[in-house]
Structure formats: C-alpha cells, structure tokens
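Peer 1: need a structure here:
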Amino acid sequence: MTLLPDAAIRIRRMRIDEDLDGIGAVDAASFTNPWTRDMYLWEAAHSDVARVFVAVHDEAGIVAYCAVWVVFDELQVNNLAVLPAWRARGLARRLLAEVFRAARDEGATCATLEVRASNAPAIALYEGLGFVRTAIRAGYYTHPVEDAWIYWRHDLDPVELA
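Peer 2: Numbering: from 1, shown residues only. As a prediction, this is how the structure comes out:
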C-alpha cells in the first residue's frame, strides 16, 4: 500500500453545492446500484442525522467519500467509496479515521455497517479496523443479488494510520 502524503488530500464535510458531481462520479465508478443526486439532496434537506465526508485531492478533486448517519450514540456507515485509481493507498482508512473522530465528537460510541459478502477488500479494511461480523442479511443487495454481512465496532477509538 502506498500511503498518500497528508498535504495532498484534505478530508472535510461535503459542501452540497460543489461536491455532488464528484460524489456521483465516485459512486458511478464504485457501485452497481449507486445513490442518485436526488437521494443526496433529499438527505441534505430532510435529515438531521446524515453526514457526508469527502476526500479531496488538490488536483484531482473528490477521490473518495463516506456517507453516514449519526443516530444518538451510533454511527451507521451507509456508503464508503474510493475511485478505482486511488484505491489501496490508505485513503479509505484515513477517511474513516476522520469520520470516527467527528462521530465521537457528536457522542457516538459504536459503529455499524453492511458490506457485500464478496467485497474482500472492504471486508479486510473493516476487520482491520476492529469491526466484527455479527449477522447476515440474505439477498440484501441487488445488481447482482447478494447477501450483506453486518459488522459492528463497539468503540470509536482513534484509528492507527501507519
């Protein structure tokens, strides 16, 4: 894994007016059933629990994002995606480290997520961060139909980046 220098990437909260196209490009390159622009706009306008964080490269723009909900003491990771050319560089781990920090600041103490059973790189990332598989949702995903593995992390301690 080639780690990116901190100066090259900034992680921040989404700016709805300027970031949706970049998030859409990451979504389209990453998911078989991506969220639509309207889904993000609806969440931004109607949800007090939705948060989206973006990883912005100085020249390439948005190269990754993470959409979450913070509900009381729980962080729900809804989407985490990195452009294919930017994968395997520690970017998803850095992004999640910032998401965890922000969620802790809001009072969250644990995190949960679903992942496709076949998504070995994501599973390795989550398990490497201390998430534990606790259940299966049969046929949860479409395009193609596939089971979701449900993971929990029962603390939001800081993430080691090195």
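
Peer 1: Secondary structure element for the nearest residue to residue 108 once chain neighbours are set aside, which one?
Peer 2: Nearest in space to residue 108, with sequence neighbours left out and distances taken as C-beta to C-beta, 6 or more residues apart in numbering, is residue 75 at 4.5 Å. Quick note: C-beta positions are derived from backbone N, CA and C, even for glycine. Per DSSP states H and E, residue 75 falls inside strand 74-82.

Peer 1: separation between the residue nearest to residue 108 and residue 94?
Peer 2: The spacing between residue 75 and residue 94, counted by C-beta to C-beta, to the nearest Å, is 16 Å.

Peer 1: which sections of this structure are below the confidence cut-off?
Peer 2: Within the chain, the stretches with pLDDT under 70 are 1-7, 162.

Peer 1: Tell me where it has helices.
Peer 2: Secondary structure of the chain (DSSP state H): helices located at 16-30, 37-46, 91-105, 120-128.

Peer 1: Dump these into JSON lines; add mean neighbour count and distance to residue 55 as well.
Peer 2: What follows is the helices of the chain, written out as JSON lines (neighbours: other C-beta atoms under 10 Å; distance: least, C-beta to C-beta, whole Å):
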{"stretch": "helix 16-30", "mean neighbour count": "16", "distance to residue 55": "9"}
{"stretch": "helix 37-46", "mean neighbour count": "13", "distance to residue 55": "16"}
{"stretch": "helix 91-105", "mean neighbour count": "19", "distance to residue 55": "5"}
{"stretch": "helix 120-128", "mean neighbour count": "15", "distance to residue 55": "14"}
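
Peer 1: Surely residue 80 touches residue 91?
Peer 2: No: under the criterion of C-beta atoms under 8 Å, residue 80 is not in contact with residue 91, lying 10.2 Å apart.

Peer 1: Identify the contacts common to the two.
Peer 2: With contacts taken as C-beta atoms under 8 Å, 6 or more residues apart in numbering, residue 80 and residue 91 have residue 64 as neighbours in common.

Peer 1: which residues pair with the residue nearest to residue 108 across the strands?
Peer 2: Beta bridges link residue 75 to residue 70, residue 111 when assigned by DSSP bridges.

Peer 1: same thing with the one 5 residues further on?
Peer 2: With beta bridges defined as DSSP bridges, residue 80 has these partners: residue 66.
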